[in-house]
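Student: structure of the sequence below:
(one chain, ligands or ions: 2)
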Amino acid sequence: MAGTGDAHLRSRDVVLSARDLTVEYSTPGGVVHAVSGVSFDVRRGETLALVGESGCGKSTTGRAVLRLERITGGQVSFHDTDLTALRSGPLRALRRRMQMIFQDPVASLNPRRTVRELVVEGLAIASESAATRAHVADRVLAEVGLDPARHGAMRPRQLSGGQAQRVAIARALAIRPDLVVCDEPVSALDVSVQAQILNLIKDLKAEHDLTLVFISHDLAVVRSVSDRVMVMYLGRICETGSVDEVFGSPAHPYTRALLDSVPRPRRSFSGPALSGEVPSPLDPPSGCRFRTRCPAVIAQCSTEVPTIRRIGPDHHVACHVAEGAVAAGAIGLSVSGAEGP
Ligand code: ADP
Ligand code: MG
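Tutor: Ligands and ions are numbered 1, 2, ... in the order given. The predicted structure is shown next:
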């Protein structure tokens, strides 16, 4: 694929790279096309956001790049290692440099363990002494704003959602990973706590030189934490680029509709922000998968899958009509947004 697959991006600064990543689930109802030919790079120290409505394949992509999901096709590389070709032993060793933080922090933590036990659980048992583990626990708990003396002996159920997410973050940090995939890390938290956790993630990222894949359906959240963004729809990439370019001059009708449906800073589009239903991933539309809901659809959209084209310094779009639309500023977007159809 052109665009994000450009050879110049395959520099040594690329921590994670996906090429034509495809994940399909065989179900009694047929094959679910969860992720279909997705290519992207995440460079060292940057935060790449995956955005799109529920069901568009964000979590599957996040899990697949850590090989927590069986990959049907394509390739994933971590630094220079092809993860898709790795056997389980070397994969396990490499996974220690990649961590994941989930939406529901309490559910992601073993309820029987104490906070102190939880945060050092991922450290290699044989190579770390008890003193080292205690030291690491103190350090990472302090780093995420928890008091080792007060919170260390608690169990996950005794923690608030925000505290539990701090523990999950401490646990990931203890291993000193290069790459962290955050899957909707603040979506389950009270709005008042969300900003604290986002700031914590931003601070820790800078301090530890982390590379992040940040999954969220909330555009305001994405805008506040990300350097680059990849907009997905029904398992495919619509648009990708720097946050400034994608949010400042969205080119894909889907991205424009998403942004139009967020009139106030804190709104997300988890509800029916766009008119019409997302088609079934069991039988996605031919050509462009967004065409059945697209206000700018033309005949070509049902016969040809749009390839990703470069339209700016760090801006790529997969749409047959996008560029003209941007130039003319004339896509008559009439998606329902907050007002209803
Ligand atoms: P998102 O995170 O963007 O909400 P997901 O990656 O969770 O989307 O899901 C993408 C699609 O794959 C959805 O249609 C979802 O129902 C489907 N899916 C996810 N996991 C499975 C699974 N284990 N088996 C079958 N279908 C799945
Ligand atoms: Mg998800």
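
Student: so how far is the strand or helix carrying Arg223 from its chain's centroid?
Tutor: Here Arg223 is covered by helix 219-225, with elements defined by DSSP states H and E. For helix 219-225, the distance from its own C-alpha centre to the chain's C-alpha centre is 12 Å (CA atoms, centre = their mean, to the nearest Å).

Student: and what of stretch 68-80?
Tutor: For stretch 68-80, the distance to the chain centre is 15 Å (CA atoms, centre = their mean).

Student: spell out which parts of the stretch 1-150 of the chain neighbour ligand 1.
Tutor: Where proximity means CB under 6 Å from any ligand atom, the interface of the stretch 1-150 of the chain facing ligand 1 comprises 25, 27, 32, 34, 52, 54-60. From N, CA and C alone the C-beta is placed, and that goes for glycine too.

Student: just the stretch 201-341 of the chain next, same as before
Tutor: When proximity is defined by CB under 6 Å from any ligand atom, the stretch 201-341 of the chain lies next to ligand 1 at Pro281.

Student: Gly45 in helix, strand or coil?
Tutor: Going by DSSP: H, G, I helix; E, B strand; the rest coil, the secondary structure assigned to Gly45 is coil.

Student: pretty sure it sits against His208.
Tutor: No. Judged on CB atoms under 8 Å, Gly45 makes no contact with His208 at a distance of 10.0 Å.

Student: now do the strands in the stretch 201-341 of the chain.
Tutor: Listed in chain order, the strands of the stretch 201-341 of the chain (DSSP state E, counting those that start in this stretch) span 211-215, 228-233, 236-242, 309-312, 315-317.

Student: typo on my end, the stretch 51-200 of the chain
Tutor: So, for the stretch 51-200 of the chain - with DSSP E, counting those that start in this stretch - the strands run 73-78, 81-82, 98-101, 179-183.

Student: ok, which of the ones you listed comes nearest Ile308?
Tutor: Relative to Ile308, the nearest member of the strands of the stretch 51-200 of the chain by CB to CB is strand 73-78, separated by 14.4 Å.

Student: got a pLDDT number for the residue of the chain most remote from its centre?
Tutor: Summary for the chain: using CA atoms, centre = their mean, the residue whose C-alpha lies farthest from the chain's mean C-alpha position is Ala131, with a distance of 35.6 Å. Note for Ala131: predicted pLDDT of 87.

Student: can you pull out the low-pLDDT segments for the stretch 51-200 of the chain?
Tutor: The model of the stretch 51-200 of the chain has pLDDT under 70 over residues 124-127.

Student: how far away is the residue nearest to Asp82 when sequence neighbours are not counted from ligand 1?
Tutor: Using CB to CB, 6 or more residues apart in numbering and skipping residues adjacent in sequence, the residue nearest Asp82 is Gln75, 6.2 Å away. Using CB to the nearest ligand atom, to the nearest Å, Gln75 is found at 19 Å from ligand 1.

Student: so what pairs up with Gln75 in the strands?
Tutor: Beta-bridge partners recorded for Gln75 (DSSP bridges): Arg19.

Student: contact partners for it?
Tutor: Contacts for Gln75 (CB atoms under 8 Å, 6 or more residues apart in numbering) come out as 18-21, 82, 84.

Student: now swap in Ala64 and tell me
Tutor: Applying CB under 8 Å, 6+ apart as the definition, the contact partners of Ala64 turn out to be 18, 21, 23, 35, 71, 76.

Student: quick one: end-to-end distance for stretch 145-155.
Tutor: For stretch 145-155, the separation between the terminal residues is 17 Å (CA to CA, to the nearest Å).

Student: and the contacts of it?
Tutor: Everything outside stretch 145-155 that qualifies as a contact, by CB under 8 Å, 6+ apart, is 111-116, 137-138, 141-142, 159, 163, 166-167, 170, 200.

Student: same question for stretch 158-170.
Tutor: Looking at stretch 158-170 with CB under 8 Å, 6+ apart, the contacting residues turn out to be 101-102, 105-106, 108-109, 115, 118-119, 140-141, 143-146, 151, 156, 185-186, 188-190, 193, 196-197, 200-201, 204.
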